[in-house]
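# coords below, sequence missing:
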């Protein structure tokens, strides 16, 4: 059976290469859909991609960072890793001489929020869901996992928070119990760009952080919500652009593909649990095999086995309730 698994994985990988031909990438990449759109690599080594409207994407600092620039100043979604902070600040200075006025955190993980301290030292306020603050801080008398200088300075506990900045309405939409319990989408309505944090990624299977309140069903619900927001321009492509937590710029078609994969693997694992299979048996059955060529990874929590284990444990916990 091992040779069959390896053969199927190789075929899946070949198909991913075929669907990622330059023609397809050109259709998906806004840099070739209009004049003046090009990716720039500055002296910091970080890459800046103009996305749409007032919004650009900075890649290479850990998680993707969204940058909105306008008359009011600069708004950032996430701050990347701590060690990339200086490079992010220098990159923004290369884009505009406007000051950084506001930061929004999509969730708690440090490859998206490690730079918070550098920006709070500059006096920049940070908005996040209340659960993100709770995960960074700790009850009275216990040491917090993150220093207070990294904590959000403005939180909300409702399903949505609204801003108006640089002539644009911005919706911060809480997605409960998805990747974590503090995840938010940030929707730039006029630019028609959505920033997803790690609910949606393009480089690996999704990470479900159960310890921080994540769940497989909440993740799928969030992806369905993302599909409600995105509207394609033509042939299910273009239109609303999606900045994932990690990976390349996307549109609705990419979200649909990812949502379908997550849902199918969830349903397969649920069926295995209903049949009485153990975790080891479920991993051996490889319910994510046909997707390993596209989203597989050789290390970290986001291997196929790690994803299957997270789904199995989450669904098993729910069955025991």
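Done, it's in. All values reported here derive from a predicted model rather than from experimental measurement. Numbering: from 1, shown residues only.
# from here on, contacts and neighbour counts on C-alpha atoms
OK.
# lowest average confidence, helix or strand, in this structure?
With mean pLDDT, DSSP states H and E as the measure, the helix or strand of the chain carrying the lowest mean pLDDT is helix 22-28 (a mean of 35).
# select the longest helix from this protein.
Ranked by residue count and defined by DSSP state H, the top helix of the chain is helix 252-274.
# who are the packing partners of the following helix or strand past it?
Next along the chain after helix 252-274, taking DSSP states H and E as the criterion, comes helix 279-285. Contact partners of helix 279-285 among helices and strands, from 3 or more C-alpha pairs under 8 Å, 6 or more residues apart in numbering; DSSP states H and E: helix 304-320.
# quick one: buried residues of the helix it packs on?
By neighbour count with 16 or more other C-alpha atoms under 10 Å, helix 304-320 contains the buried residues 304-316.
# and of those, the nearest to residue 287?
Checking the buried residues of helix 304-320 against residue 287 by C-alpha to C-alpha gives residue 308 as the nearest, at 7.5 Å.
# that closest one is in contact with residue 287, isn't it?
Yes. The pair residue 308 / residue 287 is scored as a contact, 7.5 Å apart, by C-alpha atoms under 8 Å.
# contact partners for the closest residue to residue 72 other than its chain neighbours?
The shortest distance from residue 72 to any residue other than its chain neighbours is 5.1 Å, reached at residue 166 (C-alpha to C-alpha, 6 or more residues apart in numbering). For residue 166, the contacting residues are 68-73, by C-alpha atoms under 8 Å, 6 or more residues apart in numbering.
# need the residues you listed in CSV with pLDDT, distance to residue 83 and neighbour count, can you?
As requested, those are arranged in CSV below (pLDDT from 0 to 100; distance: C-alpha to C-alpha, whole Å; neighbours: other C-alpha atoms under 10 Å):
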residue, pLDDT, distance to residue 83, neighbour count
68, 98, 22, 23
69, 97, 23, 23
70, 96, 27, 15
71, 96, 29, 10
72, 97, 28, 14
73, 97, 24, 16
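# can you tell me what sits against stretch 276-284?
Outside of stretch 276-284, the residues that reach it under the criterion C-alpha under 8 Å, 6+ apart are 269, 272, 305, 308-309, 312.
# including distance to residue 124 and pLDDT, could the residues you listed go into a markdown table?
Formatted as a markdown table, the entries for the contacts of stretch 276-284 read as follows, by distance: C-alpha to C-alpha, whole Å; pLDDT from 0 to 100:
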| residue | distance to residue 124 | pLDDT |
| --- | --- | --- |
| 269 | 44 | 98 |
| 272 | 49 | 97 |
| 305 | 40 | 91 |
| 308 | 40 | 95 |
| 309 | 39 | 94 |
| 312 | 41 | 96 |
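# those residues into TSV, with extra columns for distance to residue 175?
What follows is those, written out as TSV (distance: C-alpha to C-alpha, whole Å):
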residue	distance to residue 175
269	23
272	28
305	25
308	22
309	22
312	21
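# from those residues, which is closest to residue 147?
Scanning these for proximity to residue 147, where the rule is C-alpha to C-alpha, the winner is residue 309, at 31.5 Å.
# now residue 189: how far from residue 169?
Here residue 189 is placed at a distance of 6 Å from residue 169 (C-alpha to C-alpha, to the nearest Å).
# cool, residue 144 as well?
Remark: distance between residue 144 and residue 169 (C-alpha to C-alpha) = 34 Å.
# equivalent analysis for residue 62, please.
Counting by C-alpha to C-alpha, the gap from residue 62 to residue 169 is 27 Å.
# appreciated, that's everything.
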